[in-house]
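Q: quick one: sequence and predicted model below, then my questions.
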Protein chains: 2
Amino acid sequence: MTAKTLPLPQQVCFALYSANNAMMRLYRPLLQPFDLTYPQYVVLLALWQQDNISLGQLGAATLFDSGTLTPLVKKLEQKGWLQRVSDASDERVKKVLLTAAGRALETEVATVMPALRCQVALPESQLLALREQAQQLLQQLQQLEACR
Amino acid sequence: MTAKTLPLPQQVCFALYSANNAMMRLYRPLLQPFDLTYPQYVVLLALWQQDNISLGQLGAATLFDSGTLTPLVKKLEQKGWLQRVSDASDERVKKVLLTAAGRALETEVATVMPALRCQVALPESQLLALREQAQQLLQQLQQLEACR
DNA sequence: GCAATTAATCTTGCACGCAATATAATTGTG
DNA sequence: CACAATTATATTGCGTGCAAGATTAATTGC
């Protein structure tokens, strides 16, 4: 009757948590040359897919809430990668618009993915399996959050 | 030639990252009654498995570096769950020792896991698959970090 | 034996994530 | 059309994570 809690190495959440932390550590030096952090990179990835969207839409794409997104976007504006412009038709919404430099950055940053990939000595199939499992968990949790 | 970067929904790292964030949001309200955060909970989980270990050993179990672990352990000491004691045989090392309250807490906190589990409507097999994939990624990344 | 190195922990500073709350614009309602 | 409810964004405060550097104690080389 000594085992009231599960050892860390057996916990799903701890595996997820520590794998994610390790991944962030791997990203850091690769993004540093561009003066980008991973969350900032995520915002740009979203904008490279769809530009000129509202902060709300950007939050939906990146899964950041406003408390995280607002300062992130302000920082990226300071760095000159994007602009925040008020929408004339609805003064509440702020739209985010990549600058020419921000659009050009996509080509530069395109080297990050392959550099990252070649350091991870795992078969593509395993990474896709991980993505699939993580996405299904995420989807389940989002569904939960949606019901309050 | 427009696709220089991969859309976020297809990225393994983003799936890992956002699933982990969602998991932390799920944990928060469950740990709040015990005035614990997830990282603090992780430290306690490690100590419940093996008590009276050095900060270095605790860091190895939790995968926290000293910059994260030191303030975490100090906070847990303030809350009365553990004590930090200097090792007489080597004055550099600080050993971490659960208090009686800290040991008793394990039983209380044991309700967190099942409460969490019953909110995640995914089959056990899928969670184990996710754990397996995450652990293998983690292991790969740790191996990388070990080679500097 | 003691200087130089190594080891264990601590401190500082920065950038998240997010809950809670505030502010301001818009919409719905009587 | 006033005004309460809703919506979009911003602010505040707290707790991480971690790189970089500092501090102190032990160990190693010569």
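A: Received the coordinates, thanks.
Q: which non-adjacent residue is nearest the residue nearest in space to the middle of chain A?
A: By Cα atoms, centre = their mean, chain A has its centre lying nearest to residue A:42, at 3.5 Å. Using Cβ to Cβ, 6 or more residues apart in numbering or on different chains and skipping residues adjacent in sequence, the residue nearest residue A:42 is residue A:62, 5.3 Å away. All C-beta spots, glycine's among them, are computed from the backbone N, C-alpha and C.
Q: residues contacting that neighbour?
A: A:39, A:42-43, A:46, A:69, B:8 (Cβ atoms under 8 Å, 6 or more residues apart in numbering or on different chains).
Q: what's the most distant pair in these?
A: Spanning the widest gap among the contacts of residue A:62 are A:69 and B:8, at 13.9 Å by Cβ to Cβ.
Q: longest helix anywhere in chain A?
A: helix A:124-146 (DSSP state H).
Q: tell me which residues of it are tucked away?
A: Buried residues in helix A:124-146, counting neighbours by 16 or more other Cβ atoms under 10 Å in any protein chain shown, are found at A:126-127, A:129-138, A:140-141.
Q: out of the residues you listed, who's near chain B?
A: A:126-127, A:129-131, A:133-138, A:140-141 (Cβ under 8 Å from any Cβ of the partner chain).
Q: which bits of chain A sit near DNA strand D?
A: By Cβ under 7 Å from any atom of the strand, the residues of chain A that approach DNA strand D are A:21-22, A:24-25, A:28, A:54-56, A:59, A:66-67, A:69-71, A:73-74, A:84, A:90, A:92-95.
Q: wait, residue A:39 touches residue A:71, no?
A: No. Here residue A:39 does not reach residue A:71: they are 9.9 Å apart, not a contact under Cβ atoms under 8 Å.
Q: the residue in chain A that DNA strand C sits nearest to: helix or strand, and which one exactly?
A: Nearest residue of chain A to DNA strand C (Cβ to the nearest atom of the strand) works out as residue A:67 at 2.6 Å. In the assignment (DSSP states H and E), residue A:67 maps to helix A:66-78.
Q: and whatever helix or strand comes next after that helix, what's buried?
A: Using DSSP H and E, the helix or strand that follows helix A:66-78 in sequence is strand A:82-86. Judged by neighbour count using 16+ other Cβ under 10 Å, the buried positions of strand A:82-86 are A:82-83.
Q: can you tell if strand A:82-86 touches DNA strand C?
A: No. Using Cβ under 7 Å from any atom of the strand, strand A:82-86 never reaches DNA strand C; the gap is at least 8.6 Å.
Q: that strand vs helix A:66-78, what angle?
A: 120 degrees (axes from the mean of the first three to the mean of the last three Cα atoms, to 10 degrees).
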